[in-house]
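# just coords:
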């Protein structure tokens, strides 16, 4: 169900120059830190460790950008997945809560800062992110988010119904805007960050799936089909594609399959009425609507299926209906040309995880749909943690043992088939 044909080009890959993959691991190597997984978390962790002076080897099972980090919608957002700042603080205490809230508030700026630092062309647009409300209930929730982040010191603003509708081009009751946020081509960001890391001295091996981790005198040996790396510190950044590399780890997260789709490039006339000013947008429906433009003015959106037969045809038709209903400027249903899918990871409380699996072996990730910005901030902290520059008590989240998801197999099936229920809840208000 969760396999991805990562070799077939999708929109994000089509709009960047082709790159040559790094070689596969051959033979036996040693490093100060091993990072397993070449998504945003793994790349950022490698950066944090390398900036600390560590010799870092990163192992990617397929090619950089082949999984969720390179296939997602590309929204770069400084906001929690579901919680408000006060709710997170209530859950984890004032010290950790404020530390994590600060990281979230700064996360989009950190991501765009990495693009500037390394001169990465990720088709980045930092014109803010709008979260509009479609009911009185969601309007009150949006106001809570705005007011708490404003009191925290984040650069946010409130939009009344008229302004939100005019900016988005679709009727809403109001909403709020986070100004340091925006959108990118996530595949361009992954390969750009990987190239930057190689220039910084990180050694990357692609098509080098980690198959086994075992204790050795020097710490840990991570083995692939054609070699191994030994190191005292290992970071697992495998997220939604966590398999059986560590007993029980995959049962601590729920993989959810989603798809993305995009129109043909829109005319200047349409763009003057839809997403005016080029912001990123995702609303507050249970069956979420989210939109932004790509570098060629395609309108990019997405959704999910409960059942994945004829997925591409049905997905294009579904997004076409959503766009036609949301944006009257189309005067009907627009043609949707591009389609691709991927898998991300969620947990029930929507808070990322930091696990100490054993001495010298750590896991971090699981962003529940808000990983583009947050993974680059938390990932760097994880790299500093692996390098010994951060202690457990210094981290922006509690460091814990694994937290298995109750009734994992049933929960995975339910999470991937509850979208009809979400749509019904939206219709019922």
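Perfect, thanks for sending it. Please read these numbers as outputs of a predicted model, since none were measured by experiment.
# Just want the most central residue of this protein.
Nearest residue to the geometric centre of the chain (CA atoms, centre = their mean): residue 371, 2.6 Å.
# From the contact counts, what lies against the helix or strand hosting residue 234?
In the assignment (DSSP states H and E), residue 234 maps to strand 233-236. Using 3 or more CB pairs under 8 Å, 6 or more residues apart in numbering; DSSP states H and E as the contact criterion, the neighbours of strand 233-236 among helices and strands are strand 33-36, helix 40-51, strand 219-223, strand 361-365, helix 371-386. Where you see a C-beta, it was placed from the backbone N, CA and C, and this is true even at glycine.
# okay, now the nearest residue to residue 316 once chain neighbours are set aside: neighbour count?
Excluding its sequence neighbours, the residue lying closest to residue 316 (CB to CB, 6 or more residues apart in numbering) is residue 336, at 4.2 Å. Applying other CB atoms under 10 Å, we find 23 residues neighbouring residue 336.
# Could you tell me which residues make contact with residue 336?
Residues in contact with residue 336 (CB atoms under 8 Å, 6 or more residues apart in numbering) are 261-263, 316-317, 319-320, 323.
# Show me what it bridges to in the sheet.
On the basis of DSSP bridges, residue 336 takes part in beta bridges with residue 263.
# How about the one 5 residues further on?
Here residue 341 sits in beta bridges with residue 259, as judged by DSSP bridges.
# wait, isn't it in contact with residue 260?
Yes: the pair residue 341 and residue 260 qualifies as a contact (CB atoms under 8 Å) at a distance of 7.2 Å.
# mind putting the contacts of residue 336 in a markdown table, distance to residue 136, pLDDT and secondary structure included?
Written out in a markdown table, the entries for these read as follows (distance: CB to CB, whole Å; pLDDT from 0 to 100; DSSP: H, G, I helix; E, B strand; the rest coil):
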| residue | distance to residue 136 | pLDDT | secondary structure |
| --- | --- | --- | --- |
| 261 | 30 | 98 | strand |
| 262 | 32 | 98 | strand |
| 263 | 31 | 98 | strand |
| 316 | 33 | 97 | helix |
| 317 | 31 | 97 | helix |
| 319 | 27 | 97 | helix |
| 320 | 29 | 97 | helix |
| 323 | 25 | 97 | helix |
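# Give the buried subset of those as a ChimeraX selection command.
Restricted to the buried members of the contacts of residue 336, where burial is judged by 16 or more other CB atoms under 10 Å, the ChimeraX selection command reads as follows:
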select :261,262,263,316,319,320,323
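# And the contacts of residue 336, which two are furthest apart?
Among those, the pair separated by the greatest distance (CB to CB) is 262 and 317, at 14.1 Å.
# Count the neighbours of the closest residue to residue 364 other than its chain neighbours for me.
Using CB to CB, 6+ apart and skipping residues adjacent in sequence, the residue nearest residue 364 is residue 382, 4.3 Å away. Residue 382 sits with 29 neighbouring residues when counted by other CB under 10 Å.
# again with the one 4 residues further on
Burial of residue 386 is recorded as 29 neighbouring residues (other CB under 10 Å).
# swap in the one 10 residues further on?
By other CB under 10 Å, 20 other residues sit near residue 396.
# In terms of pLDDT, where does it sit?
Taken from the predicted model, the pLDDT recorded for residue 396 is 96.
# sorry, back to before: residue 173 is nearest to which of the helices and strands packed on strand 233-236?
Across the helices and strands packed on strand 233-236, residue 173 has its closest neighbour in helix 371-386 (26.2 Å, CB to CB).
# Can you list the neighbours in contact with the helix or strand just after the closest one?
Of the helices and strands lying after helix 371-386 in sequence (DSSP H and E), the nearest is strand 399-400. Contacts of strand 399-400 with the rest of the structure, by CB under 8 Å, 6+ apart, involve 353-356, 392.
# Next secondary structure after the lengthiest helix in the chain?
Longest among the helix segments of the chain by residue count, using DSSP state H, is helix 94-118. On the C-terminal side of helix 94-118, the nearest following helix or strand under DSSP H and E is strand 129-133.
# Which secondary structure elements does that next one sit against?
With contacts taken as 3+ CB pairs under 8 Å, 6+ apart, strand 129-133 sits against helix 136-152, helix 161-168, strand 174-178, strand 280-282.
# For residue 193, which of the ones you listed is the nearest?
strand 280-282 (19.7 Å).
# Pairing partners for whichever helix or strand comes after that closest one, with directions?
Of the helices and strands lying after strand 280-282 in sequence (DSSP H and E), the nearest is strand 290-293. Strand 290-293 sits in its sheet next to strand 280-282 (antiparallel), strand 298-303 (antiparallel), going by DSSP bridges.
# what's in contact with strand 290-293?
73-75, 125, 183, 266, 271, 275, 278-283, 299-302, 323, 326.
# Next, report how far that strand is displaced from the centre of its chain.
15 Å (CA atoms, centre = their mean, to the nearest Å).
# what is the rounded mean pLDDT of that strand?
Within the predicted structure, the mean pLDDT of strand 290-293 is 97.
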